[in-house]
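**Student:** below are the sequence and a predicted model; questions follow.
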Amino acid sequence: MDILVQNGGPKKRKITFFRILEKNLLMMMNTNHLFIKFGSFLASIMFVKAMYEQYLPHRWRNSISSILYRYMYQFLSSFSPYHHITFEEFTGERFNRSEAFTIIETYLSEKTSEKARRLKGNFVKDGKDLVLGLADNEEVFDEYEGVKVWWKCRRSVSRSQTINIYPGSNDRRNFQLTFHGRNRDLITKSYMAYIIEEGKAITIRKRQRKLFTNVKEQKGATSGRWTLWSHVEFKHPATFDTLGMAESKKNYIMNDLVRFSNAKDYYAKIGKPWKRGYLLYGPPGTGKSTMIVAIANLLEYDIYDLELTMVADNTQLRRLLIETSNKSIIVIEDIDCSLDLTGQRSSMKEEKAKTNEDEKDEVKKVLKDRVQGENKKSQVTLSGLLNMIDGIWSAVGEERLIIFTTNHIEKLDQALIRRGRMDVHIELSYCCFESFKVLANNYLDVKTHRLFETIKGFLEETKMNPADVAENLMPKSLELDVDDCLENLVEALKKAKMDDQ
Ligand SMILES: Nc1ncnc2c1ncn2[C@@H]1O[C@H](COP(=O)(O)OP(=O)(O)OP(=O)(O)O)[C@@H](O)[C@H]1O
Ligand SMILES: [Mg+2]
C-alpha cells in the first residue's frame, strides 16, 4: 500500500511523515485498547514502508530488503522446530555438478514421482526412455522409518548483470530437505546413507549397459579423457532361461552369482576384495561366451572384453584394470591362446610335450603362430596377469567378476586357475538331453514329442555340441515345422554317430 503526502516540498513532506509516525507510535504505547494498539502498529509499519520506498535510493533497496528478509527469516526460524539441509547443484568449481545433488535428483525422480503433482520430464538414452523429476519449486514428502521429511527443488535466477556463455548457468538450483529437529540424528546419519545407496542403485539400474573392448589409447568421445577402452551399447538377448544346461547346474551357478552380488558386507568382514573369478571351460560351441552374456544380463553388469594380445605390458594391463567400472565383468576369452602364458612356469620337458600336442591340433597351431607374432608387441607376463587378478591392484573397484574361457583347461598354469583366483570352475560340455529340452523349447516351443526318446538315445551315444544342436533345430523355411526340425536333428545325430565310429 502506498501512502502519498502531496502538500509541501520534499523536506516538509519528510517532516510530516515523521510526525505522523511519531503520533502513531505514541498512540500505540499509550492506549489500553487492544484494537487501537494493533491499528496504530499496522499504520506505523505502513508509514515506515512508504518512507522506505519514497526516500531510499533504488540501488540500496534490494540489499536492504534481502538483509531484512534474512534477519526476519532467522528470527522466525529460531522458533520453528523444523530443520533444513540444502544441497546445491554446483559447489566449488562452477561447472562441476555436485555428486550429492545428482544422487538426490535420481532418488527423487524414482521415489517421489508418484507423489508430486508437478513433474518435469526428460528423454534419455537417445530419446528411448522418459525420466520424470520434481518440477522447480515443487515440494514432495518422503517417509523413512515412519518419519516424514519434505524435499523441495528450489530454483532461483541470479540477478547478476554478467553475461554467461553457458546456457542456463545463471540459474541456481538446490534441493532443500526439511525435517523435524527431534529426528536430526536419524536423518543426517541413516536417512542420508540410505539416499546415497538407493540413488546409486537406481543410477546403475537405469544406466545403458556397455560392452567395452581395449584399444590403443584414444580420447573418450564424451569424457574427453584419454582412455584405453572403447565401448558400444551392450544388447544381447541370451539369458539363463535360453541357455541349454542341466537345471541343477544352472541353479547352482545363478545362486552363486546372486549371492556374490549381495555379499558386500560379507567380503568386507572376511577382508577380501569384492570380486570373484569364474573359469568356463569346454569344447567349442558349448555355450561359454553365451553364458558370459547370460551372467551379465542376470546381474546387469557391463562387460569388459579384454584382448590380451593388444596390451603392451603389465603397466598397461594395470591401467586397463583401473579404468574398469564397478559392477562389471572382465572377460578374457580363450586364455590358452591369448598369450603364451602357459609355459612361463612350466619345465622345459612339459613345454616340449605341450608343443607336440599342439602340433596335432592344426587350428590351435595356426592360432598359436599368430599369437606368437602378436606377442612380439605384447610383453604381458603371467605374473602380471596373476597380479591383475588378485594382487594389490585387484582391490581397485568392487563387485567385479573376472571370467576366463578356454577349450583346454589342462594347458593352463595351475597358478592361474587355483581357487582364490578362479573361484568357480564350470565345465560346459556336449549337449545332454536336459540341454536339448531347453533348446527345443526355445527354438520350437515344444516340451515333448514322439522323437524325443530317439534323440535322447543318440545324445547319450554321440558328442554333439549345443551350437550344432541349435543349428539343426532352426527352421529352414519361414513356416515352423516341428517334425521337420526334429527329424533334421535326428539325421545329424545319426551322421555324427557314424563319424565317431
Ligand atoms: N548351452 C547352450 N545353450 C544355448 N545356446 C547355445 C549353447 N551353446 C551354444 N549355443 C549356441 O551356439 C552358439 C555358439 O556358442 P558360444 O559362442 O557360446 O560357444 P563357445 O563355448 O563360446 O565356443 P568357443 O569355445 O568356440 O568360443 C551361440 O550362438 C549359441 O546360440
Ligand atoms: Mg566363445
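**Tutor:** Nice, I can see it. Ligands and ions are numbered 1, 2, ... in the order given.

**Student:** show me what contacts the closest residue to ligand 1 within the stretch 151-300 of the chain?
**Tutor:** Proximity of the stretch 151-300 of the chain to ligand 1 (Cβ to the nearest ligand atom) peaks at Gly287, 2.8 Å away. C-betas here are computed from N, CA, C, even on glycine. By Cβ atoms under 8 Å, 6 or more residues apart in numbering, the residues touching Gly287 are 243-245, 428, 466-467.

**Student:** flag every buried residue along stretch 44-62.
**Tutor:** Across stretch 44-62, burial judged by 16 or more other Cβ atoms under 10 Å covers 44, 47, 50-51.

**Student:** cool, stretch 254-261 as well?
**Tutor:** 257, 260-261.

**Student:** for ligand 2, give me its nearest residue in the stretch 201-350 of the chain.
**Tutor:** Closest approach between the stretch 201-350 of the chain and ligand 2, counting by Cβ to the ion: Ser289, at 3.3 Å.

**Student:** so that residue touches Glu333, yeah?
**Tutor:** Yes - here Ser289 lies in contact with Glu333, judged by Cβ atoms under 8 Å, at a distance of 6.8 Å.

**Student:** shared neighbours of those two, anything?
**Tutor:** With Cβ under 8 Å, 6+ apart as the test, Ser289 and Glu333 both reach Thr405.

**Student:** how about the residue nearest the centre of the chain: what's its closest non-neighbour residue?
**Tutor:** Per Cα atoms, centre = their mean, the C-alpha nearest to the average position across the chain is that of Ile204, at 2.3 Å. Nearest residue to Ile204 in three dimensions, chain neighbours excluded: Lys327, at 5.9 Å (Cβ to Cβ, 6 or more residues apart in numbering).

**Student:** and the residue of the stretch 151-300 of the chain closest to ligand 1, its phi and psi?
**Tutor:** Main-chain dihedrals, Gly287, degrees, to the nearest 10: phi 100, psi 20.

**Student:** for it, give me the pLDDT.
**Tutor:** On pLDDT, Gly287 comes in at 95.

**Student:** got it, and Met28?
**Tutor:** 76.

**Student:** neighbours around it, how many?
**Tutor:** 17 (other Cβ atoms under 10 Å).

**Student:** and for Ala193?
**Tutor:** With other Cβ under 10 Å as criterion, Ala193 counts 10.

**Student:** and after whichever strand or helix holds it, which helix or strand comes next?
**Tutor:** Assigned by DSSP states H and E, Ala193 belongs to helix 192-206. Proceeding N to C from helix 192-206, the next assigned helix or strand is strand 210-219, under DSSP H and E.

**Student:** ok, that following strand: who's next to it in the sheet?
**Tutor:** strand 226-233 (antiparallel), strand 302-305 (parallel) (DSSP bridges).

**Student:** check contacts around Glu143.
**Tutor:** Here Glu143 is in contact with Val149 (Cβ under 8 Å, 6+ apart).

**Student:** which residues does it bridge with?
**Tutor:** Applying DSSP bridges, one finds that Glu143 bridges with Lys148.

**Student:** close to ligand 2, is stretch 237-247?
**Tutor:** No - residues of stretch 237-247 are not located near ligand 2 by Cβ under 5 Å from the ion, the shortest gap being 11.9 Å.

**Student:** buried stuff in that stretch?
**Tutor:** By neighbour count on 16+ other Cβ under 10 Å, the buried set for stretch 237-247 is 238, 240, 242-245.

**Student:** skipping its backbone neighbours, what lies nearest Glu427 in space?
**Tutor:** Gly282 (5.5 Å).

**Student:** now do Gly384
**Tutor:** Using Cβ to Cβ, 6+ apart, the closest residue to Gly384 is Asn314 (3.2 Å).

**Student:** now, among the buried residues of stretch 44-62, which is nearest to Arg61?
**Tutor:** Met51 (12.2 Å; Cβ to Cβ).

**Student:** tell me which residues are up against stretch 454-474.
**Tutor:** So stretch 454-474 is contacted by 244, 283-287, 430-433, 435-436, 439-440, 443-444, 485-486, 488-490, 492-494, 496-497, 500 (Cβ under 8 Å, 6+ apart).

**Student:** need the buried ones from these selected in ChimeraX.
**Tutor:** Remark: buried members of the contacts of stretch 454-474, expressed as a ChimeraX selection using 16+ other Cβ under 10 Å:
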select :244,285,286,287,430,431,435,436,439,440,443,444,485,486,488,489,492,493,496
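
**Student:** any weak-confidence spans in the stretch 301-450 of the chain?
**Tutor:** Applying pLDDT under 70 to the stretch 301-450 of the chain flags residues 339-377.

**Student:** just the closest residue of it to ligand 1, please.
**Tutor:** Asn407 (5.2 Å).

**Student:** show me what contacts that residue?
**Tutor:** So Asn407 contacts 281-284, 334, 336 (Cβ under 8 Å, 6+ apart).

**Student:** which ones among these come in contact with ligand 2?
**Tutor:** Of those, not one also sits near ligand 2 (Cβ under 5 Å from the ion).

**Student:** what's the span of stretch 395-409, first residue to last?
**Tutor:** End-to-end distance for stretch 395-409: 26 Å, by Cα to Cα, to the nearest Å.

**Student:** sorry, back to before: for the residue of the stretch 201-350 of the chain closest to ligand 2, helix, strand, or coil?
**Tutor:** Following DSSP: H, G, I helix; E, B strand; the rest coil, the label given to Ser289 is helix.

**Student:** all helices of the stretch 401-501 of the chain, in order?
**Tutor:** 414-417, 433-444, 452-461, 466-473, 482-500 (DSSP state H, counting those that start in this stretch).
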